[in-house]
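A.B. asks: Got a sequence here, can you build the structure:
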Amino acid sequence: LNNSKPKNKNLIKELLLLNLDDKQKKFKFNKDLIQQINPSSHHSPNRVKIDLNPSSGSRIMNSPSNNNNSSRTKKIKKNNEVNFQESHKLFLPKEKIPKTIKTININLISNEDIESNTFNIFQFDKDVGRENTLLSISTYIYNKFFFSLLINSDKFNNWCQKIAGGYSKTIPYHTSLHAADVAQTSFTYFIYGKINNMCKFNNISICSLFLSCLCHDFKHPGLNNNFMKEIKHELATRYNDISILENMHIAETFKIINENKDCDIFTDIDSYTYKQIRKEMISCVLSTDMFYHSKHIEFMNKIIEKQKTGNFNENINNTNEDNQNYLNLIIHSADISNPTKPFNIYINWGKLVYEELSSIGDKEKEYGIKCSFDREKLTLEKSQISFIDYIVQPFYSNFLTIFPKLQYLNDNVNMCHEPFTNIIP
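C.D. replies: Got it, this is the predicted structure:
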């Protein structure tokens, strides 16, 4: 950047505007600007320092290169105190200008498809093939959020394929299709719900969220935590009966990253940013354990109470704790969102859930464990009515109070509920 002409500096700045208010413009940038940037400057040893904190606006500053990694992660002091707001800044190589991943199936995705809240992932899965579904959707989101500023595009591609390949092809529900659906559903929250007006995530946290969506059920065995605990499975012993599968999902994800250089998606970021993403991803994935469902309700009640009493200021950035709670809330919402989809999509998910839960019940009988889901006593209709009445509706009643622009979710829940109420007296 030092060697660039003044005009080119402004062009680079325009490309790297990362304030989320600008993202609502669908992240379109002028390709002509990219062509005007001098590619010969890529060899320069200098690095570009980019402020990814949306609350302060995006800035680009010069910073001398230093091969000593500790210098890149050194805390910035202001008035003899550590300024943790500065921790959102990254040192990036000059070649880390935003770029897109191009895959063989990227042209199969249009704005009308993946950005739609009526996106039919089952039809999309048939069109592109299961081996391409997660990669295609994650690639689209990667490009829309300019994740190339944080994650190497080739390694992200490799990582996604490794993650998709780690999901079972034999169990009904917890597959790579479900992971892709959770990512796409979370994506629509940003588009339709404008949720970042409330959450104020920086780009690092948004990246953490979507990586978590993709891996949150990685290597799922089609069983549940209670079954693992009852049979004294090795994973239950390893994780002390606490969020057994969720701990396994995230541990296996980072194992892939640490043991495969081609999948090390964090190779270009500093250690502070890596620690932040890892911490956020661990919390996000663990929060998908239904054991914490009531915790999400409690957090929403706290926010709603603040809004009612006038103690909530949307112009103030959230604490780190609230930031994580919002991340956890969004991924959990997307994880239980099947009844918030149009009925023709929801019923397909319902059938897959029913079959997987019934299979667990069959195994419980086989092991002499108290059966939690007996296919001989519990029909698809009854199971879905219970799920909607006791889990989904109470949750989304609060969720939509906080994010009112997502009202269509509740409309879909009511439409999905009605056909079953007509069947069951």
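A.B. asks: other SSEs contacting the longest helix belonging to the chain?
C.D. replies: Determined from DSSP state H, the single longest helix within the chain is helix 343-366. On a contact count with 3 or more C-beta pairs under 8 Å, 6 or more residues apart in numbering; DSSP states H and E, helix 343-366 meets helix 121-128, helix 225-230, helix 380-387, helix 407-423. Just so you know, the C-beta spots here come from the backbone N, C-alpha and C atoms, and that holds for glycine as well.
A.B. asks: Go through those helices and name the closest to K341.
C.D. replies: helix 407-423 (6.0 Å; C-beta to C-beta).
A.B. asks: follow-up on the earlier one: show me how far the longest helix of the chain is from its chain's centre.
C.D. replies: Computed by C-alpha atoms, centre = their mean, to the nearest Å, the chain-centroid distance of helix 343-366 equals 24 Å.
A.B. asks: May I see the buried residues of that helix?
C.D. replies: For helix 343-366, a neighbour-count test (16 or more other C-beta atoms under 10 Å) marks 345-347, 349-350, 352-354, 356-361, 364 as buried.
A.B. asks: What are the contacting residues of the host helix or strand of A180?
C.D. replies: In this assignment (DSSP states H and E), A180 forms part of helix 176-192. Residues from elsewhere that reach helix 176-192, judged by C-beta atoms under 8 Å, 6 or more residues apart in numbering: 23, 114-117, 119, 121-122, 125, 130, 133-134, 137-138, 141, 144, 163-164, 167, 195-196, 209-210, 213-218, 330-331, 333-335, 337, 349, 403, 405-406, 408.
A.B. asks: show me where pLDDT drops low in this structure?
C.D. replies: 1-112, 312-317, 422-425 (pLDDT under 70).
A.B. asks: So which residues of it form strands?
C.D. replies: 47-51, 60-63, 77-78, 81-82, 89-93 (DSSP state E).
A.B. asks: From H296, how far out is C263?
C.D. replies: 31 Å (C-beta to C-beta, to the nearest Å).
A.B. asks: what do you get for S383?
C.D. replies: Applying C-beta to C-beta to S383 and H296 gives a distance of 22 Å.
A.B. asks: From what I see, L400 and L406 are in contact.
C.D. replies: Yes: proximity of L400 to L406 meets the contact threshold set by C-beta atoms under 8 Å, at 5.8 Å.
A.B. asks: Not counting sequence-adjacent ones, nearest residue to K194?
C.D. replies: Distances taken as C-beta to C-beta, 6 or more residues apart in numbering put K405 closest to K194, at 5.6 Å, once the chain neighbours are dropped.
A.B. asks: what residues are up against that neighbour?
C.D. replies: Neighbours of K405 in contact, by C-beta under 8 Å, 6+ apart: 192-194.
A.B. asks: Please give me every residue in contact with the residue nearest to the spatial centre of the chain.
C.D. replies: Nearest to the mean C-alpha position of the chain, by C-alpha atoms, centre = their mean, lies F210 at 2.3 Å. Going by C-beta under 8 Å, 6+ apart, F210 touches 138, 141, 145, 147, 183, 186-187.
A.B. asks: 7 Å instead, please
C.D. replies: 141, 183, 186 (C-beta atoms under 7 Å, 6 or more residues apart in numbering).
A.B. asks: burial measure for Q407, as a count.
C.D. replies: 13 (other C-beta atoms under 10 Å).
A.B. asks: same thing with K275?
C.D. replies: Neighbours around K275, by other C-beta under 10 Å: 14.
A.B. asks: And it, how far from L357?
C.D. replies: For K275 relative to L357 (C-beta to C-beta), the value is 37 Å.
A.B. asks: Equivalent analysis for E298, please.
C.D. replies: 26 Å.
A.B. asks: Repeat that for S138.
C.D. replies: Plainly put, S138 is 27 Å away from L357 if you go by C-beta to C-beta.
A.B. asks: hang on, the earlier thing: with respect to N311, which of the helices and strands packed on helix 343-366 lies nearest?
C.D. replies: Here helix 407-423 is closest among the helices and strands packed on helix 343-366 (C-beta to C-beta), at 24.7 Å.
A.B. asks: What are the contacting residues of the closest one?
C.D. replies: Taking C-beta under 7 Å, 6+ apart as the rule, helix 407-423 contacts 117, 339-343, 346, 381, 384-385, 388, 392-393, 396, 400.
A.B. asks: Narrow these to those that are buried.
C.D. replies: 117, 339-341, 346, 381, 384-385, 388, 392, 396, 400.
A.B. asks: can you put those in a markdown table and add distance to F373?
C.D. replies: A markdown table is the format used below for those (distance: C-beta to C-beta, whole Å):
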| residue | distance to F373 |
| --- | --- |
| N117 | 30 |
| P339 | 18 |
| T340 | 22 |
| K341 | 22 |
| Y346 | 19 |
| E381 | 14 |
| Q384 | 13 |
| I385 | 14 |
| I388 | 16 |
| V392 | 17 |
| Y396 | 23 |
| L400 | 29 |
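A.B. asks: What is the nearest of the residues you listed to K279?
C.D. replies: Y396 (27.8 Å).
A.B. asks: residues contacting the closest one?
C.D. replies: Here Y396 is in contact with 340, 409-410, 413 (C-beta under 7 Å, 6+ apart).
A.B. asks: shouldn't L357 be in contact with F373?
C.D. replies: Yes: in this structure, L357 is within contact of F373 by C-beta atoms under 7 Å, at 4.2 Å.
A.B. asks: still on that earlier bit, out of the contacts of Y396, the closest to N320 would be?
C.D. replies: For the contacts of Y396, the nearest to N320 is L409 (27.6 Å; C-beta to C-beta).
A.B. asks: related to what we said a few turns ago, hmm, who's touching the longest helix of the chain?
C.D. replies: 120, 122, 171-174, 222-224, 227, 338-339, 370-375, 380, 383-384, 415-416, 419.
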